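J.: can't give you the sequence, but here's the structure:
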RNA sequence: GCCGACGUAGCUCAAUCGGUAGAGCACCCGCCUUGUAAGCGGGCGGUCACGAGUUCGAGUCUCGUCGUCGGCUCCA
C-alpha cells in the first residue's frame, strides 16, 4: 500500500499518468535518457562559451533537465539562445555516448580542475553519498560518460548517439539560482533549465500547456475575478480580500462549521497575540522563532503574534480537570495566524504571511487514536469529493534520525511507535499513501495532502498531525478508568487548509468557474433593452429574497456586451429578459457553459437554484 | 534570505541612437433600442514604483530602496 517516494520526484501537473509510473520507472525510459543526454550536451556548450566554468550536476527532471554551473560571469536570456543553437550543432554531430568505469583515483585525475566533481568523487568513494549528499545503500561503481569533447562523472544512462535526440524537441527554458547540494549555506550556482521531448510536437504541446496553466494561475484569475489583491503599502504576503473573496471565505467557513458540528467539534475563539511565555512553554520559540514576527514589548513583557493556534487550545483543554469520559475533546477555530515567511518564499495566495486556518485540535486517549485520526481522514475525503479534487497524494511525513534534538523532539522510541500507529491506521482504512522522511512536524508525524498549483509547484494543502510531545509540556492530562493521570495525544488537523491556500487552490482547480454555491455572483439579470430594466430589477429582487447572490446589469451597454462581461466573470447563470419574458413573467436562462433554456417561469428557476445551492451541487 | 530578470494610466501593452508619454479595454457623458461573448461618438485618467546620480536634457544610462516574477532554501 505504501511505497517509498523520493521527495525530489515531482508528481506535478504534467507528470506521467499513474499507470505509466507503475509500469515503468522514469529512469528506465528513453525520454529520461534523452533528457539526461541533453543536459550533458548543454554542459558541453556552456563550457565552450565559458571555459573557466566549474560544472556540478545535471539530472533529468520532470519534463526536462537542468545543469548547475559555477560560472565565471552571469549569463542572460540571450546567452541561452546561443547555447541552444550550439546544442543543436552538437546533436547533429552524431556523437556516441561512451561509458567507462574507473577507480576513484582515475576519476580524480580526469576531474582534477573540477572541485565539485572531486567532492562528488569523495562522496561516492568514502561515504557512499549520491550527488545530493544523501547516503547510498550500496557503494556505487564510479563511471564517466563521454561524448564529443565532453566528459562527465555520471552513472547514466544515456542515449547511444546524440542523433537519438531530436534537436527540434529541445528548448532551454530559464536561468535560476540554486545552492550547491541544495544547502543554503553553500555557494549559489547558476542553474539552467531545459525541456526535451521525443518529438517536436510534444514540445509544442508542452509549451501550450504552460500557456494554458498561466491562464489558470490564481494570481491572474484572482485579479481578473476581483477576489483578492496585494498592496505595496499593506505589505507583501498580506492579502486584501475583496467582496468576492469575502464570499468565498464565508462559504468555506459555513461548510467547515456544518461538517465539524456533525463530527462533534466544539468551537472556541482565541486572541491573536500572546505572551512569550506561552511559546516558550510550547517549544515553538526555539524551533520556530525565525518564522515568527518579532515580539512587541510592553511594560517589560514580550508579546508575539501567534503563528499557530495550538498552544491556546492546549490552555483551554488544560483549564479544568478532564476525565476519560470527556474524551475525545475536539476544539475547532478558524484562527488567524501570522508567519514571517522569507520574502522570496511568498507565492500569491499559496504562501502568505497572514492566514486563516481551518484549525482544530483533538485530544484523545491512545486507544481512541485510530478512530479519531481516521475520522479526520474521512473528513478530508468528504471535502475532496465535494470539490472533485482527485489529483493529490497523501504523504506520511516521517522524522529523520539526523534531525532528532534539532528539528524534531528527541525521543526516537516514541517517533517510531507513533509513526507505526499512523501507518497502521492508514493501512487498516485502506487509504493509499506514500512515505517520506524528514517531513514531519517537530512534535510528531503527519499525513499531508500534497497538491500542485497550476504552474506545477507542490504544496501541502491539508494536514493531519499527531502530537506526542507538546501535551506533556503543557501538563495536559486526564483521569483514566483506574483513577490515574494519563497524558492525551493531540491531533492537529486542517482539512480545509488555510483560507488563503484553499482558495488559491480552488481558483485554479475550477479555473475560476466556481460551482454555484461558491460563486461570488450566482446569477446576473440582463435586459435586452432598457425597456426591461424595471422587470430585470424585479427578477433580481425576487432572487435576492430567495437567498441568491444576484445582480441586474442595467447599464447602457448592449445585451451582447453584457453577456460577454458576465461570461468573463464566470457567472453561472445569466437571465436574459426581453419584452416577451417581461410579459410572460419568465426568464431565458443562459448558463456559463453556453447552453440555453428559454421561457423558464421565474419560480421554477428560483427552485432550481435554491436546490443547487443547498446541495452544493457541482453541476450547473 | 540567496541568484537572475522585470516594474509606463484600474487592466493589457507601445514609446528608434537619451530630446520632457501613447493605444485598446475599464470608468464617466451622449447617441442607438438592441434576442445570447465587444454598436457608435466624446471625455476623464500617468511626478513613467520610490530616492539619489550622470547629462544642456532621463521612461530610456548608473547606484540604492521597495515590490513582482522564474528558481533555490523554507513551508499550511
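T.: The structure has been received and is ready for your questions. None of these values were measured; they are calculated from a predicted model. Numbers count the residues shown, from 1 in each chain, chains lettered A, B, ... in the order given.

J.: Quickly note the distance from whatever residue of chain A ends up closest to RNA strand B to residue A:499.
T.: Relative to RNA strand B, the nearest point of chain A is residue A:344 (2.0 Å; CB to the nearest atom of the strand). For glycine as for every other residue, the C-beta is placed from the backbone atoms N, C-alpha and C. Separation of residue A:344 from residue A:499 (CB to CB, to the nearest Å): 23 Å.

J.: With neighbour numbers in mind, choose between those two.
T.: residue A:499 (24 against 7; other CB atoms under 10 Å).

J.: which residues touch that one?
T.: Neighbouring residues of residue A:499 by CB atoms under 8 Å, 6 or more residues apart in numbering: A:248, A:249, A:252, A:334, A:355, A:356, A:358.

J.: Need the max-distance pair from the residues you listed.
T.: For the contacts of residue A:499, with distances taken as CB to CB, the pair at the greatest spread is A:248 and A:355 (14.4 Å).

J.: If we go by neighbour counts, what in stretch A:437-449 is buried?
T.: The neighbour-count check on stretch A:437-449 (16 or more other CB atoms under 10 Å) flags A:437, A:439, A:440, A:441, A:442, A:443, A:444, A:445, A:446, A:447, A:448, A:449 as buried.

J.: now swap in stretch A:361-373 and tell me
T.: Applying 16+ other CB under 10 Å to stretch A:361-373 flags A:361, A:362, A:363, A:364, A:365, A:368, A:369, A:370, A:372, A:373 as buried.

J.: pretty sure residue A:610 is in contact with residue A:543, am I right?
T.: No - Residue A:610 lies out of contact with residue A:543 (CB atoms under 8 Å); the separation is 9.6 Å.

J.: Give me the more crowded residue out of these two.
T.: Ranked by neighbour count (other CB under 10 Å), residue A:610 and residue A:543 place residue A:543 first, with 25 against 14.

J.: Quick check: which element contains the residue lying closest to residue A:31 once chain neighbours are set aside?
T.: In this structure, residue A:31 finds its nearest non-sequential neighbour in residue A:198, 6.0 Å apart by CB to CB, 6 or more residues apart in numbering. Secondary structure assignment for residue A:198, by DSSP states H and E: no helix or strand.

J.: Could you report the neighbour count for residue A:198?
T.: Quick note: residue A:198 (other CB under 10 Å) scores 15 neighbours.

J.: One more: the one 5 residues further on?
T.: Residue A:203 is flanked by 19 other residues according to other CB under 10 Å.

J.: Next, it: secondary structure please.
T.: State at residue A:203, reduced to three classes by DSSP: H, G, I helix; E, B strand; the rest coil: helix.

J.: okay but it is in contact with residue A:173, surely?
T.: No - counting by CB under 8 Å, residue A:203 stays clear of residue A:173, with 10.9 Å between them.

J.: where do the contact lists of the two overlap?
T.: Contacts common to residue A:203 and residue A:173, judged by CB under 8 Å, 6+ apart, are residue A:195.

J.: just the helices in the stretch 201-350 of chain A please.
T.: Counting by DSSP state H, counting those that start in this stretch, the segments of the stretch 201-350 of chain A that form helices are A:218-224, A:243-262, A:276-282, A:284-288, A:310-317.

J.: Would you reformat those as TSV and include mean neighbour count, distance to residue A:236 and mean pLDDT?
T.: Formatted as TSV, the helices of the stretch 201-350 of chain A follow (neighbours: other CB atoms under 10 Å; distance: least, CB to CB, whole Å; pLDDT from 0 to 100):
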stretch	mean neighbour count	distance to residue A:236	mean pLDDT
helix A:218-224	19	13	94
helix A:243-262	16	18	97
helix A:276-282	18	24	92
helix A:284-288	16	20	83
helix A:310-317	22	26	96
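
J.: Give me every residue in the stretch 201-350 of chain A lying close to RNA strand B.
T.: A:219, A:223, A:230, A:232, A:235-237, A:291, A:339, A:341-348, A:350 (CB under 7 Å from any atom of the strand).

J.: Quick one, which of the residues you listed are buried?
T.: By neighbour count, with 16+ other CB under 10 Å, those hold A:219, A:230, A:237, A:291, A:339, A:341, A:346, A:347, A:348, A:350 as buried.

J.: ok, which pair from those is furthest apart?
T.: Longest span within these, CB to CB: A:219 and A:291, 22.7 Å.

J.: Residue numbers of the stretch 451-600 of chain A in contact with RNA strand B?
T.: Counting by CB under 7 Å from any atom of the strand, the residues of the stretch 451-600 of chain A close to RNA strand B are A:455-463, A:494, A:497-498, A:500-501, A:528-531, A:555-561, A:563-564, A:567-568, A:574, A:576, A:578-581, A:588, A:590, A:594, A:596, A:598.

J.: No more questions from me, cheers.
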